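Colleague: sharing a model prediction with you, sequence too.
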Amino acid sequence: MKFSILINEGPYTHQASDTAYQFAKAVLAKGHEIFRIFFYNDGVNNATRLTTPPQDDRNIVNRWSKLAEEHKLDMVVCVAAAQRRGIVDEGEAKRNGKDATNLAAGFRISGLGQLVEAGIQSDRLVTFGD
Amino acid sequence: MTIKKFMFVNRKAPYGTVYALESLEVVLIAAAFEQDVSLAFLDDGVYQLKKGHSTKGIEMKAFEKTYGALDDYDVSKLYVDEESLAARGLTVDDLCVPVETMSRAALGKLIEDQDVVLSF
C-alpha cells in the first residue's frame, strides 16, 4: 500500500512526531511504500538542524534525516508554515533576506500543493497531530 | 487528474491556536486542485463560523471573510454537528455562512465516505 504521512506538531512538546516516526518505520518494515512525509503547522520545527537535545535523549530531527536517507523518503516542509516559524533553506534565505539557514538534511521546502498531491496519490494519508 | 473526496474536520476555536487558519489554507489549495472538498465543524470548531469575529483586541487578522469566500472556490459543502452547536447555545442563525447541520452519527457516516480526512 502507498502511504503518506502528515505531521502537524513540533518535536519534544508533543508525541506526534515520535509516533509518526515509529509508524513510518513500521510501514517500511512491512514492505509498504511511503510516497511523502509532509510537515505542517508546528510540525515544520522537526526540520531544524540546530536542534540540540541532551545526549541521553533521542534526536528527533537527525532520526528523520537518517530514515529519509536510508529509504530515499520525500520529506516536505510547508513553505508558508516554515516562513512563519523561521525554518529556512538557502533559497528562502535569499528570497527573504535572512542571514542564516537551518533546514536539516533530507528535508525540502515546498508548497501545500505537495500535501494535496500526497492525498491524491496515496492509498492512505495518515495525520499525526493534536 | 484524479478527484478525491477531501474532508477537513475542524474542531478548534478560530483564534487561540493557528489550526483553523492553517486548515483554511489547505482547503483553498485542495479546491485549486479541483478536489471534491467538504468541511466539517464540530466541538469548539463551530465557533469558527460564528458571525462577527472581532480580533482587534488580540492583534490577529480576522479570517471570517474567508469562509464566505469558499463558495467562490466551489467549496459549498459545510457540515456542522448540531450537538456541538446546541451545547454552545448557538443556532444556524448565529453562523456567517449557510451550512447543513446534522447529527454526530450522520457526520460519522459522512466521514466514513471520504477518501482523505484532514483533521485540524
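Modeller: Received the coordinates, thanks. Numbering: from 1, shown residues only, chains lettered A, B, ... in the order given.

Colleague: buried stuff in the longest helix seen in chain A?
Modeller: Secondary structure of chain A per DSSP state H: the longest helix is helix A:16-29. By 16 or more other C-beta atoms under 10 Å in any protein chain shown, the buried positions in helix A:16-29 come out as A:16-18, A:20-21, A:24, A:27-28. C-beta here means a position set from N, CA and C on the backbone, and glycine is covered the same way.

Colleague: list the buried residues of the next helix or strand after that helix.
Modeller: Elements were assigned by DSSP states H and E; along the chain past helix A:16-29, the next helix or strand is strand A:33-39. Across strand A:33-39, burial judged by 16+ other C-beta under 10 Å covers A:34-39.

Colleague: and these, which two are the farthest apart?
Modeller: Maximum pairwise distance among the buried residues of strand A:33-39 (C-beta to C-beta): 14.6 Å, between A:35 and A:39.

Colleague: thinking again about what came up before, then the longest helix of chain A to CSV, C-alphas only?
Modeller: Only the C-alpha atoms of helix A:16-29 are listed here, as CSV (Å, rounded to 0.1, in the frame of the first residue of the first chain):
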residue,chain,number,x,y,z
ALA,A,16,3.0,13.3,17.2
SER,A,17,6.4,13.3,15.6
ASP,A,18,7.7,10.4,17.6
THR,A,19,4.6,8.3,16.8
ALA,A,20,4.8,9.3,13.2
TYR,A,21,8.4,8.1,13.1
GLN,A,22,7.5,4.8,14.6
PHE,A,23,4.6,4.5,12.2
ALA,A,24,6.9,5.3,9.2
LYS,A,25,9.4,2.6,10.3
ALA,A,26,6.6,0.0,10.8
VAL,A,27,5.1,0.9,7.3
LEU,A,28,8.5,0.4,5.7
ALA,A,29,9.3,-2.8,7.7
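
Colleague: tilt between that helix and strand A:33-39?
Modeller: 170 degrees (axes from the mean of the first three to the mean of the last three C-alpha atoms, to 10 degrees).

Colleague: give me the contacts around helix A:16-29.
Modeller: A:3, A:5, A:7-11, A:34, A:37, A:43, A:46, A:58, A:60, A:63-64, A:67, A:71, A:73, A:126, A:128-130 (C-beta atoms under 8 Å, 6 or more residues apart in numbering or on different chains).

Colleague: so which of those are also by chain B?
Modeller: Contacts with chain B within the contacts of helix A:16-29, counted by C-beta under 8 Å from any C-beta of the partner chain: A:8, A:129-130.

Colleague: please pick the buried ones from these.
Modeller: Here, 16+ other C-beta under 10 Å leaves A:8, A:129 buried among those.

Colleague: mind putting the ones next to chain B among the contacts of helix A:16-29 into CSV with distance to residue A:79 and pLDDT?
Modeller: Supplementary listing: the ones next to chain B among the contacts of helix A:16-29 in CSV, determined by distance: C-beta to C-beta, whole Å; pLDDT from 0 to 100:
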residue, distance to residue A:79, pLDDT
A:8, 16, 97
A:129, 19, 94
A:130, 22, 85
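
Colleague: got TSV for the ones next to chain B among the contacts of helix A:16-29, with secondary structure too?
Modeller: Formatted as TSV, the ones next to chain B among the contacts of helix A:16-29 follow (DSSP: H, G, I helix; E, B strand; the rest coil):
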residue	secondary structure
A:8	coil
A:129	coil
A:130	coil
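
Colleague: just put the ones next to chain B among the contacts of helix A:16-29 in JSON lines and tack on distance to residue B:110.
Modeller: Formatted as JSON lines, the ones next to chain B among the contacts of helix A:16-29 follow (distance: C-beta to C-beta, whole Å):
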{"residue": "A:8", "distance to residue B:110": "22"}
{"residue": "A:129", "distance to residue B:110": "21"}
{"residue": "A:130", "distance to residue B:110": "22"}
